[in-house]
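>>> Sequence isn't available, so here's the structure alone:
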């Protein structure tokens, strides 16, 4: 076997390698120019405006609804029920008679007491006349006065007992279910019915001790419940803050009054209460997603420059109150006001630096926060 080797001149090999390298460089994409290691590429960003508005610090707790007044009606004296003068669920007025207890025995005693009272009254008048003429002794005169006072007191007691045979409504309200019928024998332990004043409602809840210094009579509250149509809040205000703190829960009892509660909100219901702890008036506020937090502090990326030549400016800020997705900002260094346009979202994920070129676009509707 004969092997044949073909030898190429060395210069021809070098020429072929150079030609191949040149073609490769010609087909490669151009590199992005950088200034100081930073890209000059224009970055699309979503922007929004800084707003000046009131911000409220709130706390949401749970509580229970109660009627303005509620009373369980009971008889003060024992006796047979002779009449019931209300219907269950009826609206009644203060002073309306609800139940009548048999008073025959008390009326007989009252007639006897009236007769005795009249007799002692006549005896006292005679004793006074005789006393003027010195025809009676001081002891007889004092005895007549004492008997008259005793008879008068007995008459008052019987009149009071007679009045208690009529069980009356202590205030305007709605009568609950009754638990007796005519002919039943009642005592002071017998529950007759309940009366609830629903002209306004109360709300009771527990407030943690760390927030108690911000809650006082007059503090505004908003109440939401499943029984109320979605999105509707019942407004009210605090009228009582307990001076004691429960050692077990480290919280204190707070009560509020609700203004114009809807009929669907009833005593005993569970409710969510939003307590307004503090209100900051006309502060600069931005969406929480617009705040960039680094080891050097918190900053906002403000869009500066004329139309078609927008760039990023980093403004150091101090954060204040947070409420409903907004945060209060106080500029530390740089200019920031309600006319400023800032990068609204993605500040931690975008490659941005001071002076970076920006292509600002309006924030999407679904990400805008309500005023």
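Looks like it arrived, so ask away. Keep in mind the model is a prediction, meaning the values are calculated, not measured. Numbers count the residues shown, from 1 in each chain.

>>> For stretch 285-296, the averaged confidence score.
The pLDDT scores in stretch 285-296 average 85.

>>> Please read the previous query as pertaining to stretch 165-181.
Per-residue scores along stretch 165-181 average to 93.

>>> Could you report the pLDDT at residue 14?
Reported pLDDT for residue 14: 33.

>>> Revised request: answer the last question for residue 111.
Per-residue pLDDT puts residue 111 at 95.

>>> show me where pLDDT drops low in the stretch 151-300 of the chain?
230-231 (pLDDT under 70).

>>> residue ranges of the helices in it, please?
When assigned using DSSP state H, counting those that start in this stretch, the stretch 151-300 of the chain turns out to have no helices.

>>> looking at the sheet around residue 301, what are its partners?
Residue 301 forms beta bridges with residue 314, as assigned by DSSP bridges.

>>> which residues are contacting stretch 242-255?
With C-beta atoms under 8 Å, 6 or more residues apart in numbering as the contact definition, stretch 242-255 has outside contacts at 202-209, 212, 215, 238-241, 275. For the C-beta atoms, the positions are set from N, CA and C on the backbone; glycine is no exception.

>>> same thing with stretch 215-231?
The contact list for stretch 215-231 (C-beta under 8 Å, 6+ apart) reads 65, 203, 207, 232-241, 254, 256, 258, 262, 264-266, 269-277.

>>> how does it look with 7 Å?
The contact list for stretch 215-231 (C-beta atoms under 7 Å, 6 or more residues apart in numbering) reads 203, 207, 233-241, 254, 256, 258, 262, 264-265, 269, 271-277.

>>> Inside strands: which ones of the residues you listed?
Taking DSSP state E, the ones among the contacts of stretch 215-231 that sit in strands are 203, 207, 234-241, 254, 256, 258, 271-277.

>>> Any of the residues you listed buried? List them.
203, 207, 234, 236, 238, 241, 254, 256, 258, 271, 273-277 (16 or more other C-beta atoms under 10 Å).

>>> These: which two are farthest apart?
Using C-beta to C-beta, the pair of these lying farthest apart is 234 and 241, separated by 19.9 Å.

>>> Now for residue 226, how many residues are close by?
For residue 226, the count of nearby residues is 10 (other C-beta atoms under 10 Å).

>>> what about residue 243, how many residues close to it?
Other residues lying near residue 243 total 7 when counted by other C-beta under 10 Å.

>>> And it, its phi and psi?
Here is the backbone geometry of residue 243 (degrees, to the nearest 10): phi -80, psi 0.

>>> Begin at 21, not 1, for the rest of this chat.
All set: I'll call the first residue 21, so the last point we hit is now residue 263.

>>> Distance-wise, check it relative to residue 182.
The gap separating residue 263 from residue 182 is 43 Å, by C-beta to C-beta, to the nearest Å.

>>> For the top strand by length along the chain, buried residues please.
Scanning the chain for the strand with the most residues, using DSSP E, yields strand 71-94. Neighbour-count burial for strand 71-94 flags 75, 77-79, 81, 83, 85-90, 93 (criterion: 16+ other C-beta under 10 Å).

>>> For residue 105, list the residues it contacts.
Listed by C-beta under 7 Å, 6+ apart, the contact partners of residue 105 are 117, 118.

>>> The stretch 271-391 of the chain: strands as residue ranges?
Under the criterion DSSP state E, counting those that start in this stretch, the stretch 271-391 of the chain contains strands at 271-278, 290-307, 312-314, 317-324, 330-343, 346-353, 361-363, 377-382.

>>> closest to residue 135 out of the ones you listed?
Distance to residue 135, taken as C-beta to C-beta, is lowest for strand 271-278 among those, at 53.0 Å.

>>> domains of the chain?
56-72+302-387, 79-88+220-300, 97-121+188-209, 123-184 (automatic domain parsing).

>>> List the beta-bridge partners for residue 361.
Legend: beta-bridge partners of residue 361 under DSSP bridges are residue 69.

>>> That one contacts residue 323, correct?
Yes: contact criterion C-beta atoms under 7 Å: residue 361 and residue 323 qualify, at 4.5 Å.

>>> Mutual contacts of the two, please.
With C-beta under 7 Å, 6+ apart, residue 361 and residue 323 have common neighbours 67, 380.
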